[in-house]
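A.B. asks: model this:
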Amino acid sequence: MKILIKNIKELLQTRATSVDMISGSDMKILPKIDNAFLLIEDELILDYGSMADCPKEDDSIQEVIDAQGCVVLPTWVDSHTHLVYAGNRTLEFVDRINGLSYEEIFNRGGGILNSAKKLQETSETDLYEQSKVRVEEVIAQGTGAVEIKSGYGLTVEAELKMLRVIKRLKENYPIAIKATFLGAHAFPSEYKDNHTAYIDLIVNEMIPAIAKENLAEYIDAFLETGYFSVEETERIMEAGKQYGLRAKIHVNQFTAIDGIAACVKHDALSVDHLEIVTDEDIEVLKNSNTMPVALPTCSFFISIPYTPAKKMLAAGLPLALASDSNPGTTPSGNMNFVVATACIKMKLTPEEAINAATINGAYAMGVSATHGSITKGKKASVIITKPLHSFYEIPYAFASNPIGTVILNGQIQPYKN
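C.D. replies: Below is the predicted model:
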């Protein structure tokens, strides 16, 4: 089937040759074509260009979409989420308003342990039904590829349950999904004083069971003061490597403890959060294969510092943006708001933010070959906005919904917000 999108006001992220990532000052450049067309055949991008070169509308084209006044761009790539969880943590939202810190909430049984208790008590079927609502919501908001982590199980059975739900979502929805095993999200209460025993459980039982069912592509850990140390995380990364699970690590959310250096040493695909970044961290990341990932709506929601994005770009680093969608610290997977927050609070230009949320996001979740740019042969996963003055309006009108139509793999999606 062929779909022709014509009269596109601005066609963004057009790249004749696909690139894996964009770094430093190059992130200011967002290639685009004004008054453009895009031709889709089956699941793939077949052609694009100026309307002066638009194909004739004939019987070979089954559907024509007139995008007069609209912007077309690749769907968002959200490389860091926790979309599979049970219930919510609204009471902690009020606790935070009343002055309790993230650490105080966790220390009294809230936070990750609260979500783990709920998830352990929820059936796999119920967990799937709750999670699919969130997947449909992010598709409607323009996300075409998403990484989803486990980590609210913290037992062998519950972690497997989460990953099986992610697998089922992958099978039932057209959005590209990558699964990450995050058993090292927090220490369960019974292992609070015996970290080695829990890491033994992760390494000797959880990882082999996950690998046997082929339930994950990546492995993660919450490398942070009070959670998993550098040494503990290195053991987990090494164990993951033995089963083909590349690392994507939570690091430097609250403190800098040389975690980034450890992640780069182990060739992590990404290091995520980075609200605290030292000059030494920046030097380590230079010339590495590890993508820094910022999660600005987490900073927005729990009032912590924002990733020093401009400093990192000035040093020549790349940067990706992701939502960190989760029940406790970022209960939103809306990548339009992520892009807006990055512009408003981190002072990224719209060009830098869109590059970070498309092509660099694709690198950070390992889908660069298929997603992240308007390139012939890539998946036909695109956003058609509502009529806009320019693409700058996406972050400018931060509380408005810019999404008109979402196409994934050449199929117009029915989901609406």
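A.B. asks: over the helix or strand containing residue 181, what's the mean pLDDT, rounded is fine.
C.D. replies: Taking DSSP states H and E as the definition, residue 181 sits inside strand 176-184. For strand 176-184, mean pLDDT is 98.
A.B. asks: could you pull out the helices in the stretch 301-417 of the chain for me?
C.D. replies: 309-314, 335-346, 350-357, 359-364, 393-396 (DSSP state H, counting those that start in this stretch).
A.B. asks: pipe these into TSV and attach distance to residue 239 per row.
C.D. replies: The way it works is simple: take the backbone N, C-alpha and C, and place the C-beta from them, glycine included. Output for these, formatted as TSV (distance: least, CB to CB, whole Å):
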stretch	distance to residue 239
helix 309-314	30
helix 335-346	31
helix 350-357	31
helix 359-364	22
helix 393-396	40
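A.B. asks: tell me what residue 71 is bridged to.
C.D. replies: residue 10 (DSSP bridges).
A.B. asks: how near is it to residue 47?
C.D. replies: As judged by CB to CB, to the nearest Å, residue 71 and residue 47 stand 19 Å apart.
A.B. asks: higher neighbour count, the two?
C.D. replies: Using other CB atoms under 10 Å, the more surrounded residue of residue 71 and residue 47 is residue 71, with 25 against 14.
A.B. asks: you'd agree the more buried one is up against residue 13?
C.D. replies: No - the pair residue 71 / residue 13 is not scored as a contact, 10.7 Å apart, by CB atoms under 8 Å.
A.B. asks: for residue 328, the count of nearby residues, please.
C.D. replies: Residue 328: 24 surrounding residues under other CB under 10 Å.
A.B. asks: please apply the same query to residue 49.
C.D. replies: 15.
A.B. asks: same for the helix or strand that it is a member of, what does it pack against?
C.D. replies: Using DSSP H and E, residue 49 maps to strand 44-50. Here strand 44-50 touches strand 32-41, going by 3 or more CB pairs under 8 Å, 6 or more residues apart in numbering; DSSP states H and E.
A.B. asks: what's the strand it packs on in contact with?
C.D. replies: For strand 32-41, contacts defined as CB atoms under 8 Å, 6 or more residues apart in numbering pick out 1-14, 45-51, 53-55, 61, 72, 374, 380, 382, 391, 407, 410.
A.B. asks: could you dump that strand to PDB, C-alpha only?
C.D. replies: Presented in PDB, the C-alpha positions along strand 32-41 are these (Å, rounded to 0.1, in the frame of the first residue of the first chain):
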ATOM      1  CA  LYS A  32      14.200  20.100   6.800                       C
ATOM      2  CA  ILE A  33      12.300  20.700   3.500                       C
ATOM      3  CA  ASP A  34       9.600  23.300   3.200                       C
ATOM      4  CA  ASN A  35       6.500  22.600   1.100                       C
ATOM      5  CA  ALA A  36       7.300  18.900   0.900                       C
ATOM      6  CA  PHE A  37       5.900  15.500   0.200                       C
ATOM      7  CA  LEU A  38       6.500  12.100   1.800                       C
ATOM      8  CA  LEU A  39       5.700   8.800   0.000                       C
ATOM      9  CA  ILE A  40       5.200   5.700   2.000                       C
ATOM     10  CA  GLU A  41       5.000   2.100   0.600                       C
END
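A.B. asks: quick one: buried residues of it?
C.D. replies: For strand 32-41, burial by neighbour count (16 or more other CB atoms under 10 Å) applies to 32-33, 36-41.
A.B. asks: can you lay out those as JSON lines showing pLDDT and distance to residue 355?
C.D. replies: Shown next, in JSON lines, are the buried residues of strand 32-41 (pLDDT from 0 to 100; distance: CB to CB, whole Å):
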{"residue": "32", "pLDDT": "98", "distance to residue 355": "12"}
{"residue": "33", "pLDDT": "98", "distance to residue 355": "16"}
{"residue": "36", "pLDDT": "98", "distance to residue 355": "19"}
{"residue": "37", "pLDDT": "98", "distance to residue 355": "23"}
{"residue": "38", "pLDDT": "98", "distance to residue 355": "19"}
{"residue": "39", "pLDDT": "98", "distance to residue 355": "24"}
{"residue": "40", "pLDDT": "98", "distance to residue 355": "23"}
{"residue": "41", "pLDDT": "97", "distance to residue 355": "26"}
